[in-house]
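Trainee: please find the sequence and the predicted model below.
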Amino acid sequence: MTDPTPRPVLVTGGNRGIGLAIASTLRDAGHPVVVGSRSGEAPDGLPAVALDVTDTASVDAAFTEAEKIVGAPMGALVANAGITKDQLLMRMSDADIDSVLDTNLVGAIRCARRATKSMLRAKSGRIVLMSSVVGLYGSPGQVNYAASKAGLVGVARSLTRELGGRRITTNVVAPGYIDTAMTEDLPEDLKTTYRGIIPAGRFGEVSEVAAAVRFLLSDDASYVSGAVIPVDGGLGMGH
């Protein structure tokens with residue numbers, strides 16, 4: 001089934017994993033989708049643009065190119081691009097702190113700033129920021145990552161207060177442990193431990209995360225803004 005209101009959408013970091021599942025799901029739902037990736041490429045026949053979220057000029061150029069591809073301003077943004085540089089805080093370098101915050105948090109802010117230009121003119125739009133259960137639940141060795149993902153909640157709620165009167169919604173999706181290449185590489189005993197603390201007793205599927213994003217872009221979510229949607233099998237209990 002296609003969504004009744006197609007929204008041209010840019011999915012950052014949409015060339016693999018959760019981002020690719022989101023991009024493919026939104027395309028299949030009838031939304032014109034463009035993927036932003038560092039390489040400027042994406043699989044599965046998805047149109048893509050080169051995008052480095054740590055560089056404002058690159059963000060501006062990517063949105064301009066994406067709008068040319070779909071022939072319309074972006075009506076939605078899914079800010080999914082992110083990195084990890086895990087280490088205990090006492091051993092974490094300034095570079096590890098700066099790069100994770102600049103990509104995951106400031107990069108999302110840069111993209112949202114650019115996206116809102118066309119949304120304000122249209123008096124309509126959807127912004128979805130991809131956080132993590134780690135940002136709300138905490139995790140040893142991930143102070144930089146947790147801070148970056150927790151910060152997205154403040155971004156979403158501030159943008160909701162700034163832009164809510166213009167029919168622009170901003171929400172957060174916070175996945176838990178999801179079956180991706182990253183979790184596949186974990187040792188089997190660690191996977192068993194993680195499954196043991198997840199009330200659902202299993203890792204999530206990328207399609208389950210993508211379904212939450214699809215809902216937030218739909219007409220049915222027009223009165224949902226500033227929310228944090230956990231997709232974590234109950235691990236974070238909505239915190």
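Mentor: Received it, and whenever you're ready, just let me know what you need.

Trainee: quick one: the helices in the protein?
Mentor: 17-28, 56-70, 94-100, 107-122, 133-137, 143-163, 181-184, 188-197, 206-217 (DSSP state H).

Trainee: which of those comes out lowest on mean pLDDT?
Mentor: Lowest mean pLDDT within those: helix 181-184, at a mean of 79.

Trainee: C-alpha coordinates for that helix, CSV please?
Mentor: Extracted C-alpha coordinates of helix 181-184, given in CSV (Å, rounded to 0.1, in the frame of the first residue of the first chain):
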residue,chain,number,x,y,z
ALA,A,181,26.0,-6.4,10.1
MET,A,182,27.2,-4.7,13.3
THR,A,183,25.2,-7.0,15.6
GLU,A,184,26.0,-10.0,13.4
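
Trainee: so what's the residue count around Ser207?
Mentor: Per other Cβ atoms under 10 Å, the neighbour tally for Ser207 reads 15. All C-beta spots, glycine's among them, are computed from the backbone N, C-alpha and C.

Trainee: sorry, that was for Asn144
Mentor: 24.

Trainee: ok, which of the helices of the chain comes nearest Asn171?
Mentor: helix 206-217 (5.0 Å; Cβ to Cβ).

Trainee: quick check: buried residues in the closest one?
Mentor: For helix 206-217, the neighbour count (16 or more other Cβ atoms under 10 Å) marks 206, 208-210, 212-217 as buried.

Trainee: let's have those residues in CSV, adding distance to Asp60.
Mentor: Formatted as CSV, the buried residues of helix 206-217 follow (distance: Cβ to Cβ, whole Å):
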residue, distance to Asp60
Val206, 29
Glu208, 33
Val209, 28
Ala210, 27
Ala212, 29
Val213, 24
Arg214, 27
Phe215, 29
Leu216, 25
Leu217, 23
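
Trainee: so who does the closest residue to Ser58 other than its chain neighbours touch?
Mentor: Leaving aside its chain neighbours, Ser58 sits nearest to Asp52 (4.1 Å; criterion: Cβ to Cβ, 6 or more residues apart in numbering). Going by Cβ atoms under 8 Å, 6 or more residues apart in numbering, Asp52 touches 38, 58-59.

Trainee: so how far is Ile109 from Asp52?
Mentor: Per Cβ to Cβ, to the nearest Å, Asp52 is found 14 Å from Ile109.
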